[in-house]
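> coords please:
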Amino acid sequence: MNRDLTLHDLIVAGISVAAGIAAALLLRVILKWLGVRAGRTRWSGDDIIVDALRALIPWAAITGGAAVAASVLPLNPGVGRNVNMTLSAVLIMAATLTAARIVAGLVQALANSRSGVAGSATIFVNISRVVVLAMGFLVVLETVGISIAPLLTALGVGGLAVALALQDTLANLFAGVHILASRTVQPGDYIRLSSGEEGYVVDINWRNTVVRHISNNLVIIPNTKLSGTNMTNYHRPEQQMTLNVQVGVGYDSDLDHVERVTTEVVESVMEDIDGGVPDHEPAIRFHTFGDSRIGLTVVLGVGEFSDQYRIKHEFIKRLHQRYRSEGISIPAPTRTVAVQQGELPIPHQRSATEQVTAPMHLGPPV
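Numbering: from 1, shown residues only. So this is what the prediction gives:
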């Protein structure tokens, strides 16, 4: 200390700290009000920014009050430098955490608003958060007097060893980035792999892809496997799809009547059932003279993959009821079985225990 500590110094320092705390409380109230106002807007980014600033601004006010208090106290140069360094590091860390929160939230909001970017995938969110935190950590080290040049050199030298040790993890990471960047799969799509796994893509993170089956079970697929296998995406290039249902009518049916009745049933299902496509043009195609019926294929429109079960269920019910009311038969396959009358001779078979004996002559007859 260059001079002795006085009561005036303590009062001024206390007032500075109290002013910082009061400013923090006031700013928190103001930011809460801004959060309510931001919640009424259509853009979700202002909610993210205001919510993140509610954690940073009060801490910045308190740190500023503490810095003023430290400046009025008669501290020696070494202690004053350490106090200022500590307060600066705390403020930088708070700003880094806030920036990481804002950037990650904005990336998530952008991804959710644009299905062609990343959907709800967390891989881009995690990458952006890690980059901001790493930059803030390096700034803190430089602030407290630790040179980051040797650290960067050591990281560059040890990067090869880390890459070799984490080659599977890095392969999954880059595979996930490639999948999202190529826009072949996005969260919300229904996919089916050649190995049999299928379901809705829930999330694509830095290591694996989470798929939810229709039975509500989760299937975890490594990103490298997803990018290296044959896959069918039922939501690309569009979610709407067609569903073929096989039907058969009797040979005595009027095919024009059958086509007209089937078309009316298709139109009613498309209009009434959730998941149907109202503007779908019904298509009925006769294709086979079968053993007992004439086969036809009915093409239905389906809004989304999982809707096909409900649409097919309701179509079969309504078609069966309409065919019955219109007198259109759906014959069952018939088979003629010929039975030959009489008994078939069964040859006598010797058992394994029967033995055949014959006289044996060991010498001339007597």
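> show me where this protein has its strands.
Under the criterion DSSP state E, strands of the chain are mapped to 190-193, 198-204, 208-212, 218-222, 231-233, 241-249, 283-289, 294-302.
> so can I have CSV of these showing mean neighbour count and distance to A149?
C-betas here are computed from N, CA, C, even on glycine. Below are these laid out as CSV (neighbours: other C-beta atoms under 10 Å; distance: least, C-beta to C-beta, whole Å):
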stretch, mean neighbour count, distance to A149
strand 190-193, 19, 47
strand 198-204, 20, 36
strand 208-212, 21, 37
strand 218-222, 15, 37
strand 231-233, 15, 46
strand 241-249, 16, 58
strand 283-289, 12, 70
strand 294-302, 19, 61
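> redo these as CSV? Include distance to V269 and mean pLDDT.
Converted to CSV, the strands of the chain look like this (distance: least, C-beta to C-beta, whole Å; pLDDT from 0 to 100):
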stretch, distance to V269, mean pLDDT
strand 190-193, 21, 90
strand 198-204, 24, 88
strand 208-212, 27, 89
strand 218-222, 31, 90
strand 231-233, 25, 89
strand 241-249, 10, 92
strand 283-289, 13, 93
strand 294-302, 7, 93
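> looking at those strands, which is closest to I21?
strand 198-204 (41.3 Å; C-beta to C-beta).
> what strands line up against that closest one, and which way round?
Note on strand 198-204: by DSSP bridges, its sheet partners are strand 190-193 (antiparallel), strand 208-212 (antiparallel).
> I220 is in contact with N208, isn't it?
Yes: counting by C-beta atoms under 8 Å, I220 touches N208, with 5.2 Å between them.
> so can I have JSON lines of the strands paired with strand 198-204 showing distance to T41?
As requested, the strands paired with strand 198-204 are exported to JSON lines (distance: least, C-beta to C-beta, whole Å):
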{"stretch": "strand 190-193", "distance to T41": "33"}
{"stretch": "strand 208-212", "distance to T41": "32"}
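> out of these, flag the one nearest W59.
Closest among the strands paired with strand 198-204, using C-beta to C-beta: strand 208-212, at 35.4 Å.
> give me the contact list for that closest one.
The contact list for strand 208-212, computed with C-beta atoms under 8 Å, 6 or more residues apart in numbering, reads 172, 176, 179, 185, 191, 197-204, 218-223, 226.
> then it to PDB, C-alphas only?
Provided in PDB are the C-alpha atoms of strand 208-212 (Å, rounded to 0.1, in the frame of the first residue of the first chain):
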ATOM      1  CA  ASN A 208     -24.800 -41.000 -34.200                       C
ATOM      2  CA  THR A 209     -28.200 -40.500 -35.600                       C
ATOM      3  CA  VAL A 210     -31.300 -41.200 -33.500                       C
ATOM      4  CA  VAL A 211     -34.200 -42.800 -35.300                       C
ATOM      5  CA  ARG A 212     -37.600 -43.300 -33.700                       C
END
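> show me the domain layout of the chain.
7-145, 170-233, 241-326 (automatic domain parsing).
> T153 is nearest to which of these?
Of these, nearest to T153 by C-beta to C-beta is domain 7-145, at 13.2 Å.
> show the average pLDDT along the closest one.
Mean pLDDT, domain 7-145: 74.
> find the nearest non-adjacent residue to G65, please.
G20 (1.9 Å; C-beta to C-beta, 6 or more residues apart in numbering).
> you'd agree the one you found is up against W59?
No: the criterion here is C-beta under 8 Å, and G20 misses it with W59 at 9.8 Å.
> more neighbours: which of those two?
Neighbour comparison, G20 and W59: the larger count goes to G20, with 22 against 18 (by other C-beta atoms under 10 Å).
> give me the distance between V302 and V185.
Distance, V302 to V185, using C-beta to C-beta, to the nearest Å: 20 Å.
> now do G250
Applying C-beta to C-beta, the value for G250 to V185 is 46 Å.
> same question for R81.
For R81 relative to V185 (C-beta to C-beta), the value is 54 Å.
> out of those two, which sits in the busier spot?
V185 (24 against 12).
> look up the closest residue to that one, ignoring the ones flanking it.
I179 (5.3 Å).
> that neighbour - how many residues pack around it?
22.
> and the gap between it and L193?
Applying C-beta to C-beta to I179 and L193 gives a distance of 13 Å.
> give me the common contacts of the two.
By C-beta under 8 Å, 6+ apart, the residues touching both I179 and L193 are L226.
> thinking again about what came up before, would you reformat the domains of the chain as CSV and include distance to A332?
CSV is the format used below for the domains of the chain (distance: least, C-beta to C-beta, whole Å):
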stretch, distance to A332
domain 7-145, 48
domain 170-233, 32
domain 241-326, 7
